[in-house]
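Student: one predicted model, sequence on top.
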Amino acid sequence: MSSSGGRQSWWLDHTRFTNAVLTFAQNLLLPRLSHRLRWQSRLSPRGTLLYVAARIASAAVLVYLFLRGVERLSAKREALTAPLRARLGREPSPDEVFEYLMEEG
């Protein structure tokens, strides 16, 4: 492996080993920080359940917000392309939509 690209791809192909090396280096060089970052492992069973529930709830909220944003963008795109669709009498291609938006914008 003479090129740097080859070395980089080796590290990317061996993610478990890379993760183990980086974790070892972190624990060796920054032991107090490493201890603080592993606070979840020292929770009681009740605390673990609360932590898992909070993570699930936060993921659900993020998914909900993402889907709401997608719906909002879809409605906005529909409102912008409706006049073009009415003028053409068919569904416009992405290139036609782009050109229409550049003319209007």
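Tutor: Cool, the structure landed. Everything numeric in this text was worked out from a predicted model, so none of it was measured.

Student: so Trp10, which of the three states?
Tutor: Classification of Trp10 by DSSP: H, G, I helix; E, B strand; the rest coil places it in helix.

Student: count of residues packed around it?
Tutor: Residue neighbour count, defined by other C-beta atoms under 10 Å, stands at 12 for Trp10. (Glycine included, C-beta is placed from N, CA and C.)

Student: that one and Thr18: what is the separation?
Tutor: Noted for Trp10: a distance of 9 Å to Thr18, by C-beta to C-beta, to the nearest Å.

Student: could you list the low-pLDDT ranges of this structure?
Tutor: Along the chain, the model assigns pLDDT under 70 to residues 1-7, 105.

Student: could you chop it up by domain?
Tutor: Listed domain ranges for the chain are 1-37, 43-105 (source: automatic domain parsing).

Student: and the shortest one, how far out from the chain's middle?
Tutor: To tie it back to what came earlier, the one meant is domain 1-37. Distance, stretch centre to chain centre, for domain 1-37: 22 Å (C-alpha atoms, centre = their mean, to the nearest Å).

Student: all helices of the chain, in order?
Tutor: Secondary structure of the chain (DSSP state H): helices at 4-13, 15-29, 31-37, 45-88, 94-104.

Student: which helices and strands does the last one pack with?
Tutor: The elements that helix 94-104 packs onto, with contact taken as 3 or more C-beta pairs under 8 Å, 6 or more residues apart in numbering; DSSP states H and E, are helix 45-88.

Student: separation between Arg38 and Asn27?
Tutor: For Arg38 relative to Asn27 (C-beta to C-beta), the value is 10 Å.

Student: the two: which is more packed in?
Tutor: Each of Arg38 and Asn27 has its neighbours counted (other C-beta under 10 Å); Asn27 has more, 14 against 10.
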